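Engineer: the amino acid sequence is not available; the structure is as follows:
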């Protein structure tokens, strides 16, 4: 009861639903729920630290909370860990570990599996695999747009191949 209420309160203050946005109160509510082991609050607390929302950016602390939430199969936390490992944010870079987290997120049934698949395939390119080519040819236009806006043309994606760290 109280943990879910604290999580809801964190959400209300974070998004300003029926009240003004209040990052400090949101953080306090999420901290309480996260310390009680509530996965969604653990993810949000990690998000606060990852992005420096109302607190000093502390990416290692963010990864700690993302892991706790991902252990409870929280989709967004799993994706966040893929991002962290793929971009060396709060952890040593590991494209293979990023790939594992993206695969876990896809298995959890993300709302937009095609974008998760694209992220996974881009990670595969960095690992030395070329499956992104066939994926992009058949991908929905929004995925193609995402890839080109983030990495340039398909040939630019192919030149990203390198040995994993």
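Structural biologist: Structure received. Predicted model only: the values in this text are computed from it and were never measured.
Engineer: which stretches of this protein have low pLDDT?
Structural biologist: 1, 110-165 (pLDDT under 70).
Engineer: quick one, strands of it?
Structural biologist: In the chain, no strands are found when defined by DSSP state E.
Engineer: wait, doesn't residue 104 sit right on residue 78?
Structural biologist: Yes: at 5.0 Å, residue 104 and residue 78 qualify as touching, with contact defined as Cβ atoms under 8 Å. No exception for glycine: its C-beta is placed from N, CA and C like everyone else's.
Engineer: who has more neighbours out of these two?
Structural biologist: Taking neighbours as other Cβ atoms under 10 Å, residue 104 and residue 78 compare with residue 78 leading, 26 against 17.
Engineer: how close does the more buried one get to residue 37?
Structural biologist: The gap separating residue 78 from residue 37 is 17 Å, by Cβ to Cβ, to the nearest Å.
Engineer: picking that back up, intersection of neighbour lists for residue 104 and residue 78?
Structural biologist: Common contacts of residue 104 and residue 78 (Cβ atoms under 8 Å, 6 or more residues apart in numbering): residue 70.
Engineer: OK, contacts around residue 58?
Structural biologist: With contacts taken as Cβ under 8 Å, 6+ apart, residue 58 has the following neighbours: 49, 90.
Engineer: begin at 707 from now on, thanks
Structural biologist: Okay, residue one is now 707; in that scheme the one you just asked about reads as residue 764.
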